[in-house]
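> how would this look folded up:
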Amino acid sequence: MRDEPAVARAAPDCLFLLLESLRNQRITFCYFKSSRRIAAALAGDTDLDLLVARADHARLQQALLASGFKPFVAAPSRADPAVASFLGFDEATGRLLHVHLHFSLLLGSALLKNYQLPWTDAILASAVTCPGLPVRMLDPATETLLLVLRRSIELRRNDPVVLRNWRAVNAKLALDQEALGRHVDRDILRRRTDELLGPGLADDIAGLLDRPGGMSRTLQRQVRRRLSAFRRYNALEAWVRGTLRAMFWILGGLNMRYLHAPRPWSRRSFAGGLIIAVIGVDGSGKTTLTRCIRSWLTAEMDTMPVYFGTGGGRPSLLLAPLKLLVPLVTRLLPSRPKGSSHGRISDRPPGLLYSALLTMWATVLAAEKRLKLTAAQRAAARGLAVVTDRYPQDRIASFNDGPLLPRLRGLPGWLLRFEARAYARASQVPPDLVIKLEATPAVLAAREPDMDRAVIDARVAELRALDFPGSRVVTIDATQPLAEVIAQARREVWRLL
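Here you go, the predicted structure:
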């Protein structure tokens, strides 16, 4: 068996204190997944799945809220009744902890739990205490029976989630079966099978523990037939719902990796979506921090990245053709006029060619920013966490992501107004959280050797003065080690989730 003291030491404080609180309040619950993985669950490495007595569900949710855990809701395409998710934050490690509550025993495929078994009270009554820990778990006989049921129902190749991880899922269940086979009492398992499934299958199920291979199709069909009375949907409706969920799962995966459309597909904060903007002078680490925040959140909730810059980030279809021309323009114009930030800068004002190119660039960029601001607003309104690298602003014209056309003379008023409206849109959609990354000019100059030092000095001062009315603005010292910068940013994000 596992080393329980090691498990106790590894458990995050907030999770361990929560379990202590639940035990002290005499709330009836148990961890009902594999005992082989309880150490990982209590350490916060995987979800902590708890089966909860229906009569205690309200008190348990109140205890979670009192312990600093926050509710998150599944997207409509993945939601199941009698299931709730709460996330906690472990400040020591910066990890998000996922407590998955089940108020009824649901079994089924990864995308559709079609079986609701009326065994919750019986399972909770037979649960055993995990030595040295404030949590109860399944007794070996019940755990073995549920494992057999899961192998009968969940291992189906028409489930794209299982099919994608077929070998890993099979190996995991085989290891669970092998571990249980070493200490489960076969006679108790037979009695438990007769009690919950009815007579006739006890010997076959107990015999699986002595066979390393999988279940026979005959036994699978027999198990499914016994459970058919507990299906939530008939065969046709289950197939339709499962197919639709599979489609949403595939589209959600494509959206998360490539499309980045403002569409929820997984899980959202109960408090709604938010916009998190990371700003700073070039070289302060905006892109790195943005990437870290997004990867941290994406593991548990829906996020959408937005890049408002023009550098190495992902451009829109509007700006992409112009970015392809940048190397050619750089060769044609080896020096840049006064007011530029990078490259070899002259004291001359912008010439005719540069002004024409900048006008075209600024106009397309303004249209792109307006489209991205609209997408960010809609994503947040639909419950997503939007993480932006930079954010448009018109309060300091010479600072990052401000209007470009005021630098030129002789432009028509309608063109200036077009650009101004795009940047004014940012004031109408202020971020919920603005993270300013501040660093000294010397550090920034070392990180961005191609950037004019006078521009760096000016922008460091402008960053300090830049405000975002209606937003929570926090400043982080970007000269700290990256781990500390990330830890501070995570704490600030968690406050608003």
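> shaky segments in the stretch 151-300 of the chain?
Flagging of the stretch 151-300 of the chain using pLDDT under 70 yields the residue ranges 212-213.
> Buried ones in the helix ranked longest in the chain, by neighbour count?
For the chain, the helix that runs over the most residues, judged by DSSP state H, is helix 352-381. Using 16 or more other CB atoms under 10 Å as the test for burial, helix 352-381 gives 354-355, 357-359, 361-370, 372-373, 375-380. Bear in mind the C-beta positions are built from the backbone N, C-alpha and C, glycine included.
> Counting by contacts, list what it packs against.
With contacts taken as 3 or more CB pairs under 8 Å, 6 or more residues apart in numbering; DSSP states H and E, helix 352-381 sits against strand 274-280, strand 303-307, helix 320-324, strand 385-389, helix 413-428.
> ok, now which ones touch Lys372?
Val306, Phe308, Ser316 (CB atoms under 8 Å, 6 or more residues apart in numbering).
> Now a PyMOL select for only the buried ones of these.
Selecting the buried subset of those in PyMOL, with 16+ other CB under 10 Å as the burial test, is done by:
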select buried, resi 306+308
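> which of the contacts of Lys372 lies closest to Ala179?
Closest approach between the contacts of Lys372 and Ala179, by CB to CB: Val306, at 45.8 Å.
> pLDDT score assigned to the closest one?
Per-residue pLDDT puts Val306 at 96.
> Touching, it and Val386? I think so.
Yes. With contact defined as CB atoms under 8 Å, Val306 and Val386 form a contacting pair (6.0 Å).
> Mutual contacts of those two, please.
Common neighbours of Val306 and Val386 (CB under 8 Å, 6+ apart) are Ala376.
> still on that earlier bit, taking the mean pLDDT, what do you get for the longest helix of the chain?
92.
> Would you map out the domains in this protein?
The chain breaks down into these domains under automatic domain parsing: 4-241, 261-496.
> Among those domains, which comes closest to Met247?
Nearest of the domains of the chain (CB to CB): domain 4-241, 8.7 Å.
> Tell me the gap between that closest one and the middle of its chain.
22 Å (CA atoms, centre = their mean, to the nearest Å).
> can you check stretch 378-385 too?
13 Å.
> Let the chain start at 47 from now.
Right, with 47 as the first residue, what we last looked at is stretch 424-431.
> Between the two ends of it, how far is it?
11 Å (CA to CA, to the nearest Å).
> what does it contact?
119, 308-310, 314-315, 318-322, 343, 347-350, 432, 478, 543.
> swap the cut-off to 10 Å and go again
118-119, 121, 306-322, 339-340, 343-344, 346-350, 352, 422, 432, 475, 477-479, 539, 542-543 (CB atoms under 10 Å, 6 or more residues apart in numbering).
> Am I right that Gly448 sits in a helix?
No. If the criterion is DSSP: H, G, I helix; E, B strand; the rest coil, then Gly448 is coil and not within a helix.
> neighbours around it, how many?
Residues lying near Gly448 (other CB atoms under 10 Å) number 18.
> Run a quick check on it versus Pro438, I expect a contact.
Yes. Using CB atoms under 10 Å, Gly448 makes contact with Pro438 at a distance of 7.8 Å.
> any common contacting residues for the two?
Tyr469, Ala472.
> re the thing from before, now do the longest helix of the chain and strand 431-435, the angle between them.
160 degrees (axes from the mean of the first three to the mean of the last three CA atoms, to 10 degrees).
> quick one: helix 398-427 to chain centroid distance?
28 Å.
> Report the angle between it and helix 459-474.
Using the same axes, to 10 degrees: helix 398-427 against helix 459-474 is 30 degrees.
> just the angle between helix 398-427 and strand 349-353, please?
170 degrees.
> Name the nearest residue to the residue most central in space within the chain, sequence neighbours excluded.
Here the mean C-alpha position of the chain is nearest to the C-alpha of Thr344 (CA atoms, centre = their mean), at a distance of 2.2 Å. Using CB to CB, 6 or more residues apart in numbering and skipping the chain neighbours, the partner closest in space to Thr344 is Met302 (6.9 Å).
> residues in contact with the one you found?
So Met302 contacts Arg309, Trp311, Ser312, Thr344, Asp348, Thr349, Met350, Pro351 (CB under 10 Å, 6+ apart).
> Need those residues in TSV (columns: distance to Trp212).
As requested, those are arranged in TSV below (distance: CB to CB, whole Å):
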residue	distance to Trp212
Arg309	28
Trp311	23
Ser312	22
Thr344	24
Asp348	27
Thr349	28
Met350	31
Pro351	31
